[in-house]
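Participant: Build the 3D model from these lines:
(one chain, ligands or ions: 1)
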Amino acid sequence: MIKVLSYLRTHSVSLFFVLILLVIQATTDLSLPDYMSDVVNTGVMSGNSSVIYEIGGKMLLITLVGAISSVLIGYNAARIGADVAKELRRDVFHKIQYFSNGEFDKFTTSSLITRSTNDIIQIQTFLIMSIRLVLYAPILGIGGIVKALENSPSMSWIIAVSVIVLLGAILLIITAALPKFRMVQKLLDRLNLVARETLDGMLVVRAFNTQEFEEERFDKASKDLLSVNLFVNRSMAALMPLMMLVMNLTTVAIVWVGAKQVSSFQIDIGTMMAYMQYALQIIMAFLMLAMMFVLIPRSVISANRIEEVLVEAEYIADPKSPEVFDEDFEPVVAFHQVEFKYPEGDGNVLHGIDFVAYPGQTTAIIGATGSGKSTLVNLIMRFYDVTEGSISIHNKDIRCITKKILRDKIGYVPQKSLLFSGTIESNLKYANKEATSEMLDEAAAIAQAKEFIQTKEEGYQSEIAQGGNNVSGGQKQRLSIARALVKNAPIYIFDDSFSALDLKTDRKLRKALEKNTKTSTIFIVAQRISSIRHADQILVLDNGYLVGIGTHEELMYGCEVYREIAKSQLSEEELAI
Ligand SMILES: Nc1ncnc2c1ncn2[C@@H]1O[C@H](COP(=O)(O)OP(=O)(O)OP(=O)(O)O)[C@@H](O)[C@H]1O
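Facilitator: Numbering: from 1, shown residues only. All right, here's what the predicted structure looks like:
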């Protein structure tokens, strides 16, 4: 909570201004009953209209000052709340941008969405309310008590009883509702998760006709949230009639006791009326404070959830004094006895991986599903850090350079192609805003994407829908490849990036790639032997172990696992070549 509240520091001038206005507003509110008492006692009772006009005028003026203060307070509170929310959103989003896969695994995407939206809205509401009430309510409460005691100490017990009853009831309601607050945020996370999964997987849902199942799942998440929300809101709603009841009973009690005192000339009618107003102000003040106490626990929970994201130590941190690559940079990538275990995983998924990949060469990685191919290439990008051993590029441990410098050197094509909404051009220029149309053309030609771009009426300006959903899987892959090539990087990683291409396009693409990336170090993760049989070296992974390394011919001769894969994919003639 403290970290979140520290965002108020930059708004201290506005806050100071609001505080002054709050004191003005509370003072004006507290002074009005006394004036009213004067109007009644010296004006109305004696029929002196000039006194009524004079004091009435003053009251109007004071009311105007109070109203202006109130409007300015409301405006400033809303402004500060909205600004802090914007700053929190900016910082949370910035932090998430630099999260590694480990942190995404830890928080989950749906929870990160709730934290950067709903939780921040909770904080905004809390700030707006608390700025308005935090000083106003105590001044009104304490001032009201002092004024009421000044006016008629004999009726103090009425206020004491009302406040005790009100506080008791509020305490009871808050105690019941408090444990549910954390639940609300958790259930929101859950609802988000179900909605995301269903929307992302709409095609699968339709194909398997599981709409009813998904609806039930969504319904359950929604109902769980509804029932907790209902409980919380009903509890809070119960406060209102209770407050009205206490207020009305207090008024009745004051009129009852006050009328007797008036008839026995102990107090004036005006004093009784002023007392009634002070009593109501005191009750209102306690009620406002109670509202604050209702808001505080919920906001603390939200603030803590936001803070968890903001203070999360970067799992993949940049070194304190980073090194840089020399001028004569050569993209030699070396794995030194690398072991790796996922932060949330059971055991090592890579064991003692040791090899060197040289510039101008293609290093292919093959192995059964789940053998660790993607994990291995992800380590080069530092999506995760090695658990033991090290990875070096140009003889520098990649943990000694910044992630920016490292990733600037790499053109990466992920296993699951993803395009952003915009145009083909905006997607291709994603890593290199300065790329010329010739560069885009060249990259598209190598990635075998040029032909299909040309068939489109608007060419490079053709619209790409969210996630690239308006192009085919193969086209998406080609555009992803072209996007990486526009970067003109010394290292390229293609993580199973040719799988959606037909064999002919696959071959053409690899040939063009070979011709145009002569000085780069290339990593290709593949399932198909035909995609990698001409690679300079092939790494064969089996259950996270590097069980073979060499050319196709060498592995056919010396690696049993590779031979098995080859036999399952290639014809007798192909095997014989
Ligand atoms: N985020 C994760 N947390 C825990 N375990 C993971 C995670 N991602 C992958 N794994 C596990 O690590 C192992 C290697 O996965 P990886 O994705 O590297 O395999 P792969 O060889 O690329 O598989 P495929 O060919 O199917 O893409 C698998 O057993 C997988 O279950």
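Participant: From here on, just use CA atoms for contacts and neighbour counts.
Facilitator: OK.
Participant: Read off the pLDDT value for the spatially most central residue of the chain.
Facilitator: Among the residues of the chain, the one closest to the centroid is residue 116, at 2.9 Å (Cα atoms, centre = their mean). pLDDT, residue 116: 89.
Participant: which non-adjacent residue is nearest it?
Facilitator: residue 89 (5.9 Å; Cα to Cα, 6 or more residues apart in numbering).
Participant: What backbone torsions are found at that neighbour?
Facilitator: Backbone torsions for residue 89, taken as degrees, to the nearest 10, come to phi -60, psi -40.
Participant: what's the burial count for it?
Facilitator: Residue 89 has 19 neighbouring residues, counting by other Cα atoms under 10 Å.
Participant: Quick check: the gap between it and residue 295.
Facilitator: According to Cα to Cα, to the nearest Å, residue 89 and residue 295 sit 20 Å apart.
Participant: Over to residue 26?
Facilitator: Residue 26 is 22 Å from residue 295, by Cα to Cα.
Participant: neighbours of the residue in the stretch 51-200 of the chain that the ligand sits nearest to, just the number please.
Facilitator: When distances are taken as Cα to the nearest ligand atom, the stretch 51-200 of the chain reaches nearest to the ligand at residue 105, 6.4 Å away. Neighbours of residue 105 under the rule other Cα under 10 Å: 13.
Participant: and it, how far is that from residue 344?
Facilitator: Counting by Cα to Cα, the gap from residue 105 to residue 344 is 8 Å.
Participant: How about residue 411?
Facilitator: 28 Å.
Participant: So those two - more neighbours on which side?
Facilitator: The neighbour comparison of residue 411 against residue 344 (other Cα under 10 Å) goes to residue 411, with 24 against 9.
Participant: Secondary structure element holding the more buried one?
Facilitator: Element membership for residue 411, per DSSP states H and E: strand 410-413.
Participant: got the contact list for that strand?
Facilitator: The contact list for strand 410-413 (Cα atoms under 8 Å, 6 or more residues apart in numbering) reads 381, 480-481, 484-485, 487-495, 497.
Participant: quick check, nearest of these to the ligand?
Facilitator: For the contacts of strand 410-413, with the ligand as the reference and Cα to the nearest ligand atom as the criterion, the closest is residue 495, at 8.1 Å.
Participant: Can you report phi and psi for that closest one?
Facilitator: Residue torsions, per degrees, to the nearest 10, at residue 495 are phi -90, psi 100.
Participant: how far away is it from residue 189?
Facilitator: From residue 495 to residue 189 the distance is 31 Å (Cα to Cα).
Participant: got it, and residue 380?
Facilitator: From residue 380 to residue 189 the distance is 32 Å (Cα to Cα).
Participant: What residues of stretch 103-113 count as buried?
Facilitator: 103, 109, 110, 111, 112 (16 or more other Cα atoms under 10 Å).
Participant: ok, those residues vs residue 452, which is closest?
Facilitator: Comparing those against residue 452 with Cα to Cα places residue 109 closest, at 34.1 Å.
Participant: Spatially nearest residue to the closest one (excluding sequence neighbours)?
Facilitator: Nearest to residue 109 is residue 193, by Cα to Cα, 6+ apart, at 8.0 Å.
Participant: For the one you found, grab the count of nearby residues.
Facilitator: Neighbour tally, residue 193, other Cα under 10 Å: 20.
Participant: Same check on residue 98?
Facilitator: Residue 98, neighbours per other Cα under 10 Å, totals 14.
Participant: what do you get for residue 371?
Facilitator: Neighbour number of residue 371 under other Cα under 10 Å is 19.
Participant: Is it in contact with residue 541, as I believe?
Facilitator: Yes: counting by Cα atoms under 8 Å, residue 371 does reach residue 541; the two are 5.9 Å apart.
Participant: to the chain's geometric centre, what's the distance from the longest helix seen in the chain?
Facilitator: The residue-count maximum for a helix in the chain (DSSP state H) belongs to helix 211-263. Computed by Cα atoms, centre = their mean, to the nearest Å, the chain-centroid distance of helix 211-263 equals 32 Å.
Participant: Following the chain past it, name the next helix or strand.
Facilitator: Immediately after helix 211-263, counting by DSSP H and E, sits helix 269-311.
Participant: Which neighbouring elements make contact with that next one?
Facilitator: Counting contacts by 3 or more Cα pairs under 8 Å, 6 or more residues apart in numbering; DSSP states H and E, helix 269-311 packs against helix 2-5, helix 12-38, helix 49-97, helix 120-133, helix 136-151, helix 156-200, helix 211-263.
Participant: will you turn those into TSV that also has mean pLDDT and distance to the ligand?
Facilitator: TSV is the format used below for the helices and strands packed on helix 269-311 (pLDDT from 0 to 100; distance: least, Cα to the nearest ligand atom, whole Å):
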stretch	mean pLDDT	distance to the ligand
helix 2-5	83	30
helix 12-38	91	43
helix 49-97	93	17
helix 120-133	90	28
helix 136-151	87	51
helix 156-200	83	17
helix 211-263	87	25
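Participant: which of those helices is buried the deepest?
Facilitator: Of all those, helix 120-133 has the most neighbours on average by mean count of other Cα atoms under 10 Å, namely a mean of 22.
Participant: From the contacts of strand 410-413, pick the one nearest residue 260.
Facilitator: residue 381 (84.8 Å).
Participant: so what's that closest one up against?
Facilitator: 406, 407, 410.
Participant: Only the buried subset of these, as a PyMOL command please.
Facilitator: A single PyMOL command is used to select the members of those judged buried by 16+ other Cα under 10 Å:
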select buried, resi 406+410
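Participant: Out of the helices and strands packed on helix 269-311, which gets nearest to residue 276?
Facilitator: helix 211-263 (6.3 Å).
Participant: quick check: angle from that closest one to helix 156-200?
Facilitator: Orientation check (axes from the mean of the first three to the mean of the last three Cα atoms, to 10 degrees): helix 211-263 against helix 156-200 gives 170 degrees.
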